[in-house]
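In: sharing a model prediction with you, sequence too.
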Amino acid sequence: MDFRRWPVDVDEAIALQESLGARALEALEDPWSPPPSPLLLGGCFVTFDARDRAWAAAALVREGGTRPEGQAVVEGSAGFPYVVGLLALREGPLLEAAVRALPRMPDCLLVNAGGADHPRRAGLATHLGAVLGVPTVGVTERPVVAACEPPGLARGESSPLVIGDDVVGFSVRTRSARRPVLVSAGWRVTAETARDLVLQAASAQRTPQPLRVARRLARVARTRTSI
C-alpha cells in the first residue's frame, strides 16, 4: 500500500496507518541524524473556525534563532470531522500544502500532532513526514494513547511516553515549573532525538519556536479573514 498519500475515508485511513506504522518502525533501523550545522527547523499548525474553514501555516526557523526564514499560509476547509487518531483525513492535505509552499524544505519538521503516540503508531506527524519525505517530530499538549509520569520541574527534565513496553516519546519540561510538552517520534526520528530537538527549539519559550511562529501565522490569518 502506498502510504505516501492521503486517505479518502475511514477504512482507507486505518489501512494506511497500519501499513505506515510498520514501515515507520523499519525506518528507525536507519534513523535520521541531525547534521552538525545549525538546523533549519520547520513547524506547521492548522486552525479552524466554527464552520470548519481552515488556515494552515508553516514556518522555517534556524535552530537557536527566533525570526522566520520562510513562512506560508494556505486556506481551505476541513476534510473530515475531528476524530482522535484520524487527523490525516481532516488536516493532512492542508498541512502538506502549507509546507510545500515554503521556499525550501526544512531539515526536520515539528508537527502539532502525534507521531508514534497513536493507536497504530502512525499519527499525523508520521504520515506527513512520509508524504513529504522529511523527518518529523510530533508535539502535543496531551497524550493520544501513551502513558507517562510527570517529569521533574527543572528545564530539561523528561519522562518517557510508553505504549506497553515501548517508549514512543517523552514528556519534556521545556520551561522550569511550567507544564511540559509531549514529544513523540515521527518519520525517521527516534524518540530520543525528538526530545532533544524540541528542547533545543524551545530555548526561550515553552513551545518550540517554529511551532510558535506557525501557530501565530495561522491564527492571524483566521482573524483577518473573519473580520
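Out: Received it, and whenever you're ready, just let me know what you need.
In: which stretches of the protein have low pLDDT?
Out: Residue ranges of the chain with pLDDT under 70: 1, 226-227.
In: can you rerun that using 50?
Out: Filtered on pLDDT under 50, the chain yields no residues whatsoever.
In: residue nearest the middle of this protein, spatially speaking?
Out: residue 111 (1.8 Å; C-alpha atoms, centre = their mean).
In: hey, what's that one bridged with?
Out: residue 44, residue 138 (DSSP bridges).
In: pretty sure it is touching residue 124, no?
Out: Yes. Residue 111 lies in contact with residue 124 (C-beta atoms under 8 Å); the separation is 6.5 Å. From N, CA and C alone the C-beta is placed, and that goes for glycine too.
In: what about the strands in this protein?
Out: 40-48, 53-62, 68-77, 108-111, 136-140, 158-163, 166-172, 181-185 (DSSP state E).
In: mind checking which of the ones you listed is nearest residue 195?
Out: strand 166-172 (4.2 Å; C-beta to C-beta).
In: show me how far that closest one is from its chain's centre.
Out: 14 Å (C-alpha atoms, centre = their mean, to the nearest Å).
In: can you pull the buried residues of stretch 40-49?
Out: 40, 41, 42, 43, 44, 45, 46, 47, 48 (16 or more other C-beta atoms under 10 Å).
In: out of those residues, who's nearest residue 225?
Out: residue 47 (10.9 Å).
In: hmm, back to that, got the strands of the chain as a markdown table, with distance to residue 10 columns?
Out: Formatted as a markdown table, those follow (distance: least, C-beta to C-beta, whole Å):
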| stretch | distance to residue 10 |
| --- | --- |
| strand 40-48 | 19 |
| strand 53-62 | 20 |
| strand 68-77 | 18 |
| strand 108-111 | 21 |
| strand 136-140 | 21 |
| strand 158-163 | 22 |
| strand 166-172 | 23 |
| strand 181-185 | 22 |
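In: could you dump the buried residues of stretch 40-49 to JSON lines with distance to residue 177?
Out: Formatted as JSON lines, those follow (distance: C-beta to C-beta, whole Å):
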{"residue": "40", "distance to residue 177": "31"}
{"residue": "41", "distance to residue 177": "25"}
{"residue": "42", "distance to residue 177": "29"}
{"residue": "43", "distance to residue 177": "24"}
{"residue": "44", "distance to residue 177": "29"}
{"residue": "45", "distance to residue 177": "25"}
{"residue": "46", "distance to residue 177": "30"}
{"residue": "47", "distance to residue 177": "28"}
{"residue": "48", "distance to residue 177": "32"}
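In: and which of the residues you listed is nearest residue 96?
Out: residue 44 (9.0 Å).
In: so who does that closest one touch?
Out: 56-59, 95, 98-99, 109-112, 128, 211, 214 (C-beta atoms under 8 Å, 6 or more residues apart in numbering).
In: now with 10 Å?
Out: Listed by C-beta atoms under 10 Å, 6 or more residues apart in numbering, the contact set of residue 44 reads 56-59, 72, 91, 94-96, 98-99, 102, 106, 109-113, 124-125, 128, 132, 136, 210-211, 214-215, 217-218.
In: re the thing from before, and the gap between the residue nearest to the centre of the chain and residue 224?
Out: 24 Å (C-beta to C-beta, to the nearest Å).
In: nearest to residue 12, of the strands of the chain?
Out: strand 68-77 (19.7 Å).
In: what residues sit buried inside that closest one?
Out: Neighbour-count burial for strand 68-77 [16+ other C-beta under 10 Å]: 68, 70, 71, 72, 73, 74, 76.
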